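In: Quick check, what structure comes out for this input:
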Amino acid sequence: MIHGKAETSAQLDQPVPAFSVLLSSTRRGARLARLLAESQLRDWGLPSDPGRLLVAELAANAASHGRVAGRDFRLTLRLAGDVLRIEVADTRRERLPVLQRPPCEAESGRGLLLVDALADRWGVTEGLFPRKTVWAEVRCAGPEPDPSGSGGAGGVPQGR
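Out: Reported below is the predicted structural model:
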């Protein structure tokens, strides 16, 4: 199941920076996923959002809906050109995510709506039983501006 645009072959030909970690399928593991992703995005010079928000939702889903006692989930971040791909794999393939609108009074059930709104495309890949990977991709604007206001290379503002 895929939502969004098709991949380009140019993205697949370049070396891809990646980060991957196994985390416990708990609320604490989901929180750690968000914090580690934010740190990795900063190391790559990328803005933390929307990547951080997508990781938070996908990791929370893995910890709640994809949880199997004694089994972890895997967070993987890949950067191909200007596309950030976020993957969260768990061991509950029989529980595939479904995009739906919960009743207004519901206190949960909106996570995939957020993923759908923030991601350029997202989907689910079924792996070897019992694994599934829920992924989301977003185009990145590029490195965050220098907080010192120096204007980048040479201290001269660009495009004026």
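In: Strand partners (parallel or antiparallel) of the helix or strand containing residue 19?
Out: Taking DSSP states H and E as the definition, residue 19 sits inside strand 18-24. Here strand 18-24 has these sheet partners by DSSP bridges: strand 72-80 (antiparallel).
In: tell me which residues of the top helix by length along the chain are tucked away?
Out: In the chain, ranked by residue count with DSSP state H as the criterion, the top helix is helix 27-43. With burial defined by 16 or more other Cβ atoms under 10 Å, the residues of helix 27-43 counted as buried are 29-30, 32-34, 36-38, 40-41. Every residue, glycine included, has its C-beta placed from N, CA and C.
In: do the same with stretch 127-145
Out: Using 16+ other Cβ under 10 Å as the test for burial, stretch 127-145 gives 131-138, 140.
In: dump the residue contacts of residue 138.
Out: 50-51, 54, 83-84, 86, 118-120 (Cβ atoms under 8 Å, 6 or more residues apart in numbering).
In: ok, it to residue 127 distance?
Out: Using Cβ to Cβ, to the nearest Å, one gets 22 Å for the distance from residue 138 to residue 127.
In: farthest pair in the contacts of residue 138?
Out: Between any two of the contacts of residue 138, the greatest separation by Cβ to Cβ is 13.9 Å, found for 83 and 118.
In: Could you check the angle whichever strand or helix holds residue 86 makes with strand 18-24?
Out: Taking DSSP H and E as the definition, residue 86 sits inside strand 83-90. If you take axes from the mean of the first three to the mean of the last three Cα atoms, to 10 degrees, strand 83-90 sits at 20 degrees to strand 18-24.
In: Could you tell me the average pLDDT over the very next helix or strand once past the longest helix of the chain, please?
Out: Per DSSP H and E, helix 27-43 leads on to helix 51-64 as the next helix or strand towards the C-terminus. For helix 51-64, mean pLDDT rounds to 96.
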